[in-house]
Structures are given as C-alpha cells and as structure tokens.
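K.L.:
kindly return the folded structure for what I paste below:
(chains A and B)
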Amino acid sequence: MLRTHTCGELTAAHADQTVTLCGWVEKTRDLGKGGVFVDVRDRYGKTQLVVRPHLQEMLETAKQLRSEFVILGRGKVSLRPLGQANANMATGEVEILLDELQVLNASKVPPFLPSAQEMPSEDARLKYRFIDLRRPKMQQTLVLRSRIVKKIRDYFEENGFIDIETPILGRSTPEGARDYLVPSRVHNGQFYALPQSPQIYKQLMMIAGYDRYVQVARCFRDEDLRADRQPEFTQLDMEMSFVDEEDIIGMIDGLMKRLAREILGIELPLPLPRMSYDEAMRRFGHDAPDLRFGMELIDCSAWAKTVDFRIFRGAVDEGKAIRAINVPNAAELFTRKKIDELTLFVQEDFGLKGLAWLKCTTDGKLEGPIAKNFTESQLAELASATAAVPGSVLLFAADEYERAGKALYGLRRRLGLELKLYDPGQMHFSWVVRFPMFAYDAEENRWAAMHHPFTAPLDSDLPKLESDPAAVRAKAYDLVINGYEAGGGTIRIHDNVTQQKVFQLLGMSPEEAEHRFGFLLEALRFGAPPHGGIALGIDRLIMLFAGLDNIRDCVTFPKTAKAIDLMTEAPNVVDDRQLRELGIQVKPKNG
RNA sequence: GGGGUCGUAGCUCAAUUGGUUAGAGCACCGGCCUGUCACGCCGGAGGUUGCGGGUUCGAGCCCCGUCGACCUCGCCA
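P.N.:
Take a look at the predicted model:
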C-alpha cells in the first residue's frame, strides 16, 4: 500500500505520527507566502494537508495542484492551532504537515466537481459516471448496498440456504416480458435468451433436492424503463421445498425485521401486516398501496344510484362505478387551475373522461358546480359517507371499477406527495396476498397468468379452476414497501395434473406446453417436492432503504430511459465480421 | 407507441412584450495574498442559445420538424 491511513480516520489520537495519505485533490487554498492548504479526499473522508512556506520545492508542486489530481502526501499528524479546528470535518482536529508531496496523476479539468453543491444534470452524471461515483452520496449508497447484500446473504446462510448460480444464457420463454436475445454462433439462426428471472432453474433445483436455494441474480427484461425500473437489475432470488405461503412470508418477515433494525435502526413488529389483493384494489385502487397515509378510495356507487345527476347515475346504470377520494385540507389549495391540472392528469394518464369534485365549506356543506344536481339530503348523505369535513375536497372518478380505481390511485399517490401527507423518511412494510390466478386479456381474447403459469391456486379454489377461472386465487404474495412492489413470489404447482389444467386454461395445448416447458413438465414427473419462493428487487430495496426516489442512483452504471449507457454508448453497431459469423443481416426496422 | 417538463459558457442558472455587444455564481487561465477551510483581492478567457427549417426589419424568446435527458400511460408472467 502506498498509504498508511485513509483520508477519513485521523484524529487527535494520531498526533505526532508520521502518515502517508493518498487521494484526490478536492480543493487547494493557496495563501501565497503563507503556504498552501490541500484538502485530499478518498471514499473514507477528507483530510487537510499543509504545505509550509519554507519548503520551496514542495510549494512549487503544491501550486500546480488542481481539482481531482491524484496525490500522495507524507508528513506528521499535527493538532491544528488553537481555535482553528474545523467542526464540520471528521478529521477537523488535525492536519498533516507535509514533508513529501507527490502527484501520482494529473487530471483534466473535470466537467463537474464531486464536491459541487448543485447537482449536475443527469446526462452529465451518466456520461462521466466515474466522476459522479466519486460523489460522497453515491459512495454512501454503494456502501449501503454492499452492507445490505452482505446481511441478506448472512441471513440466508444462517437459515441453511445454499447459494447457487444458474445460467445467464438460457432459453426464451414466450410468456412474460420481452426477452433480451443472444445469437448463437454455433447454431445459425438460433438464440439464447437472458433470464428474466431464474424462475425455472430454481424450481429444477428444488426437484434436484437442494431444498433451500438462494441467489443474488442478475435479471434482464426488454421493456420500457421507469424511475424504479432498469432493463438489467438484481434479484434476491430464493426457493424452498416442503413449504407453504406462511414459510416463505415468515422467512422474509425475519429478513426485513433484521434489515430494518440493523440498517435503519427501527423495530418492525412481526408478522408484517397483510392485505388481500381484493382489499388493496378496493381501498387503494392498486396492488402495491402506499400505506404511510390514508386518503382511501370510497365507493359511492350505491349512493349514486339514488341521484338524478346524469353523469353519475348514467355511469352506475351502465355498470360502472363512482369512486372517490377525500383530500383533506385542500379546499383553499385547489383553485380552479389546480383542479384543471388534476383533471388533465387523470384524462391523459388514465383515460378518464373527467374529474368531478365538491368542496366542503367551513359550515360543512358540499359545494361546487355539480352540487346543484343533488338534493340537500343527498349531499348530506354523501358528506357522511365520505367523512367530508370542512376543508375536504372530494374528487370523483366515474368509470369502470378498475379504471376509476387506477386513476384515483394515481391521484392519491401524487397528492400524498404534493400535500406531504406522510413523512418521506417513514418506512412501511406489508404484504399483499391472494392475487387472482388469471387476468382476462381482452386484446388476445384469452386468460393470461397474472404471475406466471407455474403458480399454484389456493387449495380452496381448486374446484373453481374450470368452472370460474376469474374467481380462482393464487398462492401468491407481494412484499410492498412505501407503495413499491419490493418483491413477489408464489407457491408453485408441483404436480403435473394441475399444471396441465392451468396450461389448458391459458389456451396452451399439451403439445405447445410440452414444446415450451417440456423440460420442466418432465422434471415435475420425477418426484417434485412441494415448493415455493420469492424474489426481492435488490435495486429497489436499496433505493427504499437509502431514501432515494430513483433506481439509477443505486446502480453503478445505469441506462437512460431509452436503454442507453451514455458513458460506453452501448448498445452500438458491431463489425460486419461479427455479424457474418452469426449469420445475421440487419434490416432497417421501417424499411 | 402516446402525453408532459426541460435543453443558453465546462457546471448550475438568468435574460422584461420579439429589440443594443446574451449575463451571474462556481470552475478555468494569469497575478497577488504568512493559517486557510464556500479563503480573499485584481485581471482575463470562455457562447453554432441541442440540431434543421420557417415567420419577422429583427428570434435564446413565436411556429414546424428533429435529437437528447427526465417524469408518466401503455408495457413490465
């Protein structure tokens, strides 16, 4: 090692020791004949180096130093003169009186400084990621990530899990997300697919008898990005044999309790709260509700049947729903302009025709342009049903039950943030369970698996598998943190008969199922134990534990919304020779 | 694929109703400064206003197109 200490560890206790530090120049303060002060930084912290004026040669070197030069400084740790300690610095009690200063490497003028108060633009940060990653905040996040992953691995090891790797080059499975494909050189015209998750492999490991499997697995999905979604991401993937939902949920409960305690310093009461999918959709309009605040959805459909107002009455008569949220203390905030803005939001993002509203005045009356369509007693009933109090604004969505819920979920999430209805530092963990097995795909006119086609139905719903698929619920569970799906899993089907029934329902002929998943179906015939598991989104988990609102800030080299790496400029064209070897000819997409 | 916000100096931003030579802070370059720590002082350099077109006597500003970043809907078993 060139250095004896890091830039973050020296204190008064080290006084009079001779030390060598290495790091990046954060800042120099040249006092002319008074010498030069140099703040040197590494990922552990910052230390002040002092170049004294009588050391002529060193002074010359010091005057050449610029931001982000890499230097080595050797000298004696010295207490700073009385009254000159810097309380804002961990090492502020001391400074190094240099007797050697080396420039290990110069630096071009950086496009931005890691120490800058103002955040550089996201483009600049991504293009010069190696500089962005020098920012203390990024370094803290990556350290946090490392600590969390270590704790997760420890936890599973203590619980008897085996860390097992599975292939990255696999076979495309048409269900689910779009695959990233890798052309085969040896087999012209054939492709591997990168794993969307190690789902099938881990099931095969269960069949192989490795009853507690865990993997920190890189996964790939070629779908559009979001603030909380990258095309390449990391899952904590686990699977257990001879278990039911309770075992998996309990195992993750224990993990969350430990992480919350050791990372956040909070005690989570176990078991973590659970809510059925139906309840989540009814109360929040979404399957991953943010439970840090109220403002739940209220179903006003029954009430709407008693009124003459065409928009409401007409909707319920057509079988649609009237759903509402009661926004507290918003009557004054919600100007006409604000309501127009929210209306546009639900129209453009959720396809609602409009947004009806009523304000609750100081004397408890509901007012607004639509109020004249209701009688006094109807308004009073509504006020009571929605728990409207002075200052409340009621926002109504009149549409299909699900669409109305989705729009109000959007409003609830947006307004919760805008109106600061919760403390952003607060954390809330819960489970959403008993998902439907199937969702009807109107476009393709068929049933589709809501999770994946290997998900086991609830035992009690098994008889309904053929008679009423919509009513069949799955042994599926999602871990929800602060309104984000942090993970999801299922108990799998372990017998071939049920599996075939599910395939059949999904419109997959035995031949087709055999063609797509033959190896798994075959394996299920060779003594498959009951098994199930879960996968947690590590990146998202880090984001939430770090209090970030963006997944790119906890990934080293993330992609942009167009799935580009601005630093390496991947993806990019390849040599003709490479294409020839693969037997690939590129045609313009719209040619 | 749709909708929205944004794009001005290396960085973060400003520029009145469309009107003179597009400004500031930081960074950079030169000089000065004997205890600084957001050091200070003096001076300097730095611009295809993302790109292309249009309207206009005149465009950073208005219009059309396009590219890019971000947010979002669709999508994400």
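
K.L.:
which stretches of the stretch 101-250 of chain A form helices?
P.N.:
In the stretch 101-250 of chain A, the segments counted as helices under DSSP state H, counting those that start in this stretch are A:122-127, A:129-132, A:136-158, A:199-207, A:245-259.

K.L.:
can you list these in CSV and add distance to RNA strand B, mean pLDDT and mean neighbour count?
P.N.:
The way it works is simple: take the backbone N, C-alpha and C, and place the C-beta from them, glycine included. Listed next are those as CSV, based on distance: least, Cβ to the nearest atom of the strand, whole Å; pLDDT from 0 to 100; neighbours: other Cβ atoms under 10 Å:
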stretch, distance to RNA strand B, mean pLDDT, mean neighbour count
helix A:122-127, 4, 95, 16
helix A:129-132, 10, 96, 18
helix A:136-158, 14, 97, 15
helix A:199-207, 4, 95, 22
helix A:245-259, 16, 98, 18
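
K.L.:
of all the ones you listed, which one is nearest A:Asn572?
P.N.:
With Cβ to Cβ as the criterion, A:Asn572 lies closest to helix A:122-127 of the helices of the stretch 101-250 of chain A, at 14.9 Å.

K.L.:
what packs against the closest one?
P.N.:
Packed against helix A:122-127 by the contact rule (3 or more Cβ pairs under 8 Å, 6 or more residues apart in numbering; DSSP states H and E) you find no helix or strand.

K.L.:
got the contact list for it?
P.N.:
For helix A:122-127, contacts defined as Cβ atoms under 8 Å, 6 or more residues apart in numbering pick out A:Pro111, A:Phe112, A:Met119, A:Asp132, A:Arg552, A:Pro558, A:Thr560, A:Asp565, A:Leu566, A:Met567.

K.L.:
now restrict those to buried residues only.
P.N.:
Among these, those classed as buried by 16 or more other Cβ atoms under 10 Å are A:Phe112, A:Asp132, A:Arg552, A:Pro558, A:Asp565, A:Leu566.

K.L.:
quick one on the thing from earlier: and the helices of the stretch 101-250 of chain A as TSV, adding distance to A:Phe220?
P.N.:
Formatted as TSV, those follow (distance: least, Cβ to Cβ, whole Å):
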stretch	distance to A:Phe220
helix A:122-127	20
helix A:129-132	20
helix A:136-158	19
helix A:199-207	13
helix A:245-259	24
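
K.L.:
break chain A down into its domains, please.
P.N.:
Domain ranges of chain A: A:12-105, A:138-268+A:432-576, A:293-421, per automatic domain parsing.

K.L.:
distance from the chain centre to the shortest one, please.
P.N.:
Taking the mean of its C-alpha atoms, domain A:12-105 sits 41 Å from the chain's own mean (Cα atoms, centre = their mean, to the nearest Å).

K.L.:
do the same with the second one
P.N.:
The chain centre lies 14 Å from the centre of domain A:138-268+A:432-576; the measure is Cα atoms, centre = their mean.

K.L.:
mind checking the end-to-end distance for it?
P.N.:
39 Å (Cα to Cα, to the nearest Å).

K.L.:
residues in contact with A:Gln196?
P.N.:
Each residue near A:Gln196 by Cβ under 8 Å, 6+ apart is listed here: A:Thr173, A:Gly176, A:Ala177, A:Asp179, A:Cys219, A:Phe220, A:Arg221.

K.L.:
how far away is it from A:Gln235?
P.N.:
Going from A:Gln196 to A:Gln235 by Cβ to Cβ, to the nearest Å gives 10 Å.

K.L.:
same check, this time on A:Ile263
P.N.:
Here A:Ile263 is placed at a distance of 19 Å from A:Gln235 (Cβ to Cβ).

K.L.:
looking at these two, which is more packed in?
P.N.:
A:Gln235 (24 against 15; other Cβ atoms under 10 Å).

K.L.:
is that one in a bridge, and if so with what?
P.N.:
Under DSSP bridges, the beta-bridge partners of A:Gln235 are A:Ala217, A:Gly537.

K.L.:
wait, which of the domains of chain A is closest to A:Met275?
P.N.:
In terms of Cβ to Cβ, the element of the domains of chain A nearest to A:Met275 is domain A:138-268+A:432-576, at 5.6 Å.

K.L.:
low-scoring pLDDT stretches of chain A, where are they?
P.N.:
A:590-591 (pLDDT under 70).

K.L.:
any idea how far A:Asp468 is from A:Arg229?
P.N.:
Distance from A:Arg229 to A:Asp468, by Cβ to Cβ: 34 Å.

K.L.:
neighbour count winner among these two?
P.N.:
Using other Cβ under 10 Å as the criterion, A:Arg229 and A:Asp468 rank with A:Arg229 on top: 15 against 10.

K.L.:
A:Leu225 - nearest residue in space that isn't next to it in sequence?
P.N.:
A:Ala561 (5.0 Å; Cβ to Cβ, 6 or more residues apart in numbering).

K.L.:
what's the answer for A:Phe374, then?
P.N.:
Using Cβ to Cβ, 6+ apart, the nearest residue to A:Phe374 is A:Val307, at 5.8 Å.

K.L.:
also A:Phe220?
P.N.:
Once flanking residues are discounted, A:Phe220 sits nearest to A:Leu194: 3.9 Å by Cβ to Cβ, 6+ apart.
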